[in-house]
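**Q** Generate a structure from the sequence data that follows.
(one chain, ligands or ions: 2)
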Amino acid sequence: MGIGDINKDLIRERAKCTFNVTELTYFLDGGKDKTLERKERERVMLTKREELFGGTPDEYLSHKEKYENSMRKAVILFSLLRKVQKENNTDLTNYRNLLSGVLGASISQDGSPFGLHYIMFMPVFMSQADEEQQKKWLHRALNCSIIGSYAQTELGHGTFIRGLETTATYDPATQEFVLHSPTLTSYKWWPGGSQLYSKGECHGIHSFIVQVRDEDTHMPLPGIKVGEIGVKMGLNAVNNGFIGFDNVRIPRTNMLMKHAKVLEDGTYVKSKNSKLIYGAMVFVRVVIVFDSVNYLAKAITVATRYSAVRRQSQLKEGEPERQILDYVTQQDKILTAIAGCFAMKMNARMLWDTFNVINDQLHKGNFERLGELHALACCLKAISTTDSSMFTERCRLACGGHGYMVSSNLPPTYALTTASCTYEGDNTVLLLQTARFLLKTWRQIDTAPLTPTVQYLKTVSTPGYSYKWENSVEGIIRGFQIVSMKKISSCVDLMTTKIMSGMSQEDAWNTVSIQLVSAGESHCRAIVISTFHEDMSKAMRSMSEPLAEVMGQLVELYAVFWALERLGDLLEFTSISGADVVKLRSRYEELLRKIRPNAVGLVDAFDIIDELLQSSLGAYDGRVYERLMEEALKSPLNAEPVNQSFHKYLKPFMQGKL
Ligand SMILES: CCC/C=C/C(=O)SCCNC(=O)CCNC(=O)[C@H](O)C(C)(C)COP(=O)([O-])OP(=O)([O-])OC[C@H]1O[C@@H](n2cnc3c(N)ncnc32)[C@H](O)[C@@H]1OP(=O)([O-])[O-]
Ligand SMILES: Cc1cc2nc3c(=O)[nH]c(=O)nc-3n(C[C@H](O)[C@H](O)[C@H](O)COP(=O)(O)OP(=O)(O)OC[C@H]3O[C@@H](n4cnc5c(N)ncnc54)[C@H](O)[C@@H]3O)c2cc1C
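**A** Ligands and ions are numbered 1, 2, ... in the order given. This is a model prediction of the structure:
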């Protein structure tokens, strides 16, 4: 691409950048070798540019065509990626890199038909299948000679797993399980687990591998009714289906038996910890935090580059129209989204490291921190996806009418982020899970050892602990920790009062649940800001000074933004004063001004190639108007000057003939 093809404003923005963009790209990728690995994947993928990115845009295809086209492209992409991915090993870190490589590269705005295979089916094997079963199926799954889904949710139940109705009844005479969907509401919906019955006793939710279709003809196997659930708000390249079982028999060894087992005579051997069955969901929630960063990185790249190119309105009479990125209200929308993306990037890494540490402990039979991991994965999945949706929507609104075009890729990206607020656990329900852990922790604060992510509760509640509000990052973190502690303790007090007055534990819980969710959110926000601050401060020590300075500004912007967003809590629970708030607001505007010159450099560092960004507004060259017109002309309605509906309907109507 010649320099002449690049929008002049973008050239100027890139010249203004005060830090080395490549240095930041290496940091964001996790090191120069990871950047090179990613770029090699992209290079290989671009050898099939026309097959993967050419042709009619998805938005002009029918529901069926879109699915078929996404399958065609997915097969090409995954065949290519398989060549460059490390040997098919199931080392979790390698696997997560495969995920981000594979799905980060997923080339449709509507997700990938192989997404579930990699995000759900494979992790279930790695966490629930015993060695024999892994030998039999895992490598077939890794090389895609079998493709799997994850059928847990049913038409009648998604959140309440213990309410799932599908049964798996063991028949010792034949050493088989009989899978059955007793009701319409028990039909698996979305696939994705079943209630296990043996010797007439129900042992709760367990995972089974079930072959749904014939390996040659692809026809559904006897007793299995399958179908597709219809058009969704997004992710329509992922064919979510339904499955009904009519007394379908599978071998005993198709129950995934790494944890619980059923012996040949039907004896049930329970897992060392009943919650291990839910292990795959914890892993997937960790992956979803990374996904939320990837989606938001696309949205901020689009909105920032567009805001540098779009000139609209005069600030002063007679002056040229200003880049909309110069309007402070635009900086408020976009620079906070950039800070939010960096914050969640650091927290995704922390969560991944925490998951690996605790997962190793679980493998050694140490379940001490399982509850903490579950609570942390729940709240970070909830907050990262809520933030990613919120900031993506701010980015769409920041791009005016053109941000409403599918060709901008902002509406499809929003559809992806908002789906993640529901799947893998509705965010409200997950924050309640975190709250459940926090209340349990609070009740034991003087008797049980505290795990790392809740240590702060002890610190800020120690008698005599004094804290005066400070407008610093550390002061804001401390403020959020106090807010969290006070919300948790007040929920405990409220519930105790209600139960003492004769209300059941469950009714007390429900009555207080809005405050419980809020306590879970405050706890998570305190973790997100402190992790961003602490981990970025560590990283800054090995950064060049110019880059470290900008990272420090992003950390402070993020902390001040959320302090202003949660002023109600801070005024209720801390000593922040009105004067402090005035200073906070002015510091916020000063930070926006400081970061403004580096906005384009910050998003360039995500290094998202145009083919994956897929945006008429966000391309590296900034030629937005030419691209908007190019995309518009792809509309089938532009194939002819007069659409047939004129002669068939409109003209007779206008002539009063209908
Ligand atoms: C791209 C993605 C595609 C999408 C795929 C999908 O959506 S797939 C479908 C995704 N679907 C969903 O995500 C469905 C979301 N729903 C659920 O995950 C569960 O129904 C639930 C957690 C909400 C309640 O479950 P429940 O009624 O069994 O539990 P309870 O509340 O009575 O608590 C009992 C104890 O268990 C503990 N514990 C619970 N879970 C875990 C865990 N994972 N790990 C560890 N521990 C866990 C909990 O802390 C508590 O411990 P305590 O305090 O006694 O020490
Ligand atoms: C795009 C997409 C892909 C999916 N893919 C899969 C898949 O591959 N495999 C699979 O198994 N599932 C899949 N799902 C299903 C998903 O896991 C469920 O939709 C999700 O767990 C939410 O459950 P639900 O739909 O039953 O919602 P509900 O739980 O019915 O939620 C409705 C409302 O009820 C509230 N609510 C429910 N329980 C409580 C409670 N205890 N306390 C307070 N409020 C409550 C919720 O907060 C929410 O506001 C997918 C969903 C989507 C959107």
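**Q** Show me which residues of the protein are close to ligand 2?
**A** By C-beta under 6 Å from any ligand atom, the part of the chain that sits against ligand 2 consists of 116, 120, 150-153, 157-159, 190-192, 235, 240, 419, 422-426, 428-429, 432. No exception for glycine: its C-beta is placed from N, CA and C like everyone else's.
**Q** Among those, name the buried ones.
**A** Among the residues of the chain next to ligand 2, those that count as buried by neighbour count (16 or more other C-beta atoms under 10 Å) are 116, 120, 150-153, 157-158, 190-192, 235, 240, 419, 423-425, 428, 432.
**Q** Intersect the residues of the chain next to ligand 2 with the contacts of ligand 1.
**A** By C-beta under 6 Å from any ligand atom, the members of these lying near ligand 1 are 120, 150, 152-153, 158-159, 192, 423-425, 429.
**Q** which is the next helix or strand following the helix or strand encompassing residue 329?
**A** Residue 329 belongs to helix 328-363 when assigned by DSSP states H and E. Using DSSP H and E, the helix or strand that follows helix 328-363 in sequence is helix 370-397.
**Q** Using PDB, write out the CA atom coordinates for the helix or strand following that following helix.
**A** Following helix 370-397 in sequence order, the next helix or strand is helix 410-419 (DSSP H and E). Extracted in PDB, the C-alpha atoms of helix 410-419 (Å, rounded to 0.1, in the frame of the first residue of the first chain):
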ATOM      1  CA  LEU A 410     -19.600  -2.500  14.900                       C
ATOM      2  CA  PRO A 411     -23.200  -3.900  15.000                       C
ATOM      3  CA  PRO A 412     -22.000  -7.500  14.400                       C
ATOM      4  CA  THR A 413     -19.300  -7.000  17.100                       C
ATOM      5  CA  TYR A 414     -21.900  -5.700  19.500                       C
ATOM      6  CA  ALA A 415     -24.100  -8.700  18.800                       C
ATOM      7  CA  LEU A 416     -21.100 -11.000  19.700                       C
ATOM      8  CA  THR A 417     -20.300  -9.100  22.900                       C
ATOM      9  CA  THR A 418     -23.900  -9.000  24.100                       C
ATOM     10  CA  ALA A 419     -24.300 -12.800  23.500                       C
END
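**Q** who does helix 410-419 touch, helix- and strand-wise?
**A** If you count contacts as 3 or more C-beta pairs under 8 Å, 6 or more residues apart in numbering; DSSP states H and E, helix 410-419 packs onto helix 279-309, helix 370-397.
**Q** Excluding its own residues, what touches the helix or strand that comes right after that helix? List them.
**A** As assigned by DSSP H and E, the chain's next helix or strand after helix 410-419 is helix 427-443. Here helix 427-443 makes contact (C-beta atoms under 8 Å, 6 or more residues apart in numbering) with 159, 285, 371-372, 374-376, 378-379, 381-382, 385-386, 421, 425, 448, 450-451, 454, 457, 484, 488-489, 491-492, 495, 513, 516-517, 519-521, 523-524.
**Q** Residue 330: which of the ones next to ligand 1 among the residues of the chain next to ligand 2 is nearest?
**A** Distances from residue 330 to those, taken as C-beta to C-beta, are shortest for residue 423 (31.9 Å).
**Q** show me the contacts for that closest one.
**A** Contacts for residue 423 were tallied using C-beta under 8 Å, 6+ apart; they are residue 190.
**Q** backbone phi and psi for it, please?
**A** Per-residue torsions, residue 423: phi -70, psi 160 (degrees, to the nearest 10).
**Q** returning to that earlier point: which parts of the helix holding residue 329 are buried?
**A** 330-352, 354-355, 358-359, 362.
**Q** do stretch 5-15 as well
**A** Along stretch 5-15, these residues count as buried under the neighbour rule (16+ other C-beta under 10 Å): 6-7, 9-11, 13.
**Q** any idea of the mean pLDDT in it?
**A** Computed over stretch 5-15, the mean pLDDT rounds to 96.
**Q** Same question for stretch 48-61.
**A** Computed over stretch 48-61, the average pLDDT equals 88.
**Q** Show me how far that stretch is from its chain's centre.
**A** A distance of 25 Å separates the centroid of the chain from that of stretch 48-61, by C-alpha atoms, centre = their mean, to the nearest Å.
**Q** got the contact list for that stretch?
**A** In this structure, residues lying in contact with stretch 48-61 by C-beta under 8 Å, 6+ apart are 45, 66, 69-70, 72-73, 76-77, 80, 107-110, 237, 406-407, 611, 614, 631, 634-636.
**Q** can you do 7 Å?
**A** 45, 66, 69, 73, 76-77, 80, 107-110, 406, 611, 634-636 (C-beta atoms under 7 Å, 6 or more residues apart in numbering).
**Q** Which one of those is nearest to residue 258?
**A** Checking the contacts of stretch 48-61 against residue 258 with C-beta to C-beta, the nearest one is residue 77 at 30.9 Å.
**Q** Can you tell me the element that closest one falls in?
**A** Residue 77 belongs to helix 63-84 when assigned by DSSP H and E.
**Q** residues touching the residue nearest to residue 249 when sequence neighbours are not counted, list them.
**A** Computed as C-beta to C-beta, 6 or more residues apart in numbering, the closest residue to residue 249 that is not its neighbour in sequence is residue 176, at 4.6 Å. The contact partners of residue 176, by C-beta under 7 Å, 6+ apart, come to 249-252.
**Q** how does it look with 10 Å?
**A** Neighbour list for residue 176: 168-170, 248-254 [criterion: C-beta atoms under 10 Å, 6 or more residues apart in numbering].
**Q** and the residues you listed as TSV, adding secondary structure, pLDDT and neighbour count?
**A** Output for the contacts of residue 176, formatted as TSV (DSSP: H, G, I helix; E, B strand; the rest coil; pLDDT from 0 to 100; neighbours: other C-beta atoms under 10 Å):
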residue	secondary structure	pLDDT	neighbour count
168	strand	89	27
169	strand	91	19
170	strand	92	25
248	strand	95	21
249	strand	96	14
250	strand	95	18
251	strand	95	12
252	helix	95	20
253	helix	94	17
254	helix	94	20
